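1. got a predicted structure plus its sequence, pasted below:
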Amino acid sequence: MHRDRTTQLCFDLQADKGDIVALLGPSGAGKSTLLAMVAGFLEPDSGSLTIDGQPVIGVPPARRPLSILFQEHNLFPHLTVFENIGLGLHPGLQLSREEKEQVVIAAARVGLQSYLDRLPEQLSGGQRQRVALARCLIRQRPLLLLDEPFSALDPALRNDMLQLVQKLAREQLTTVLMVTHSPEDALKIADKCAFIEQGEVRVFGPAQQVLGRPEDKKLKQYLGV
């Protein structure tokens, strides 16, 4: 539970290993607050939070077993694609031969093996997000948080990135929490869906059931059913 200046937010949610969970709801409902608490940027006032079976309340964000991909890709403009991905393994880029090979493999998995020497300014928006995704996944953390990272991309590119996330998450058995405003995006790749409204998880279950056969009144209003 988290209490801000005006609202009490109370979340109850469990995701299984390898699940892709979409967090849907109106603006201001608490989706990003939930993500911020999982990441460690906000601490709950009460309750428990475990990641991969380990309690993480009080653990600094940098030490939590997760990676985050934001809408802003947060690449370093003076570093190459290779170096930006390599930061996921070592902040000082002191990489062993094996780690350098891991960077090359990660770039290939997101389709950027031919761009390793390029700077971010030489890439398209979709390519920059692929670099950021590769940097997240090379860390091989059990949890990946997505805070609407693809919302600024055009529909075709956004679809490509969603499919790529799904493919790589399946391969690595990574659990994904994905904030989105798009039920269509959720239906494309999510196993489960949580509808958040006024600071609580009102509906949680299989995405096809939650979004395809909605029963909750607030959820129906949100979906325009």
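-> Thanks, I have the structure now. Numbers count the residues shown, from 1 in each chain.

2. all the helices of the protein, in order from the start?
-> In the chain, the segments counted as helices under DSSP state H are 31-39, 81-86, 97-109, 125-138, 155-172, 183-189, 207-212, 217-223.

3. Ala156 versus the residue of the chain most remote from its centre, what's the distance?
-> The outermost residue of the chain, judged against the average C-alpha position, is Arg97 (29.0 Å), by Cα atoms, centre = their mean. Remark: distance between Arg97 and Ala156 (Cβ to Cβ, to the nearest Å) = 38 Å. Backbone N, C-alpha and C define where each C-beta goes, glycine included.

4. the spatially most central residue of the chain and Val203, how far apart?
-> The centroid of the chain falls nearest to Leu146 when counting by Cα atoms, centre = their mean (1.9 Å). Distance, Leu146 to Val203, using Cβ to Cβ: 20 Å.

5. ok, Arg109 touching Val165?
-> No. Arg109 lies out of contact with Val165 (Cβ atoms under 8 Å); the separation is 11.6 Å.

6. which of those two has more neighbours?
-> Between Arg109 and Val165, counting by other Cβ atoms under 10 Å, Val165 is the more crowded of the two (23 against 19).

7. pLDDT at the residue lying closest to Arg130 once chain neighbours are set aside, what is it?
-> Leaving aside its chain neighbours, Arg130 sits nearest to Val110 (4.2 Å; criterion: Cβ to Cβ, 6 or more residues apart in numbering). Predicted confidence (pLDDT) at Val110: the value is 83.
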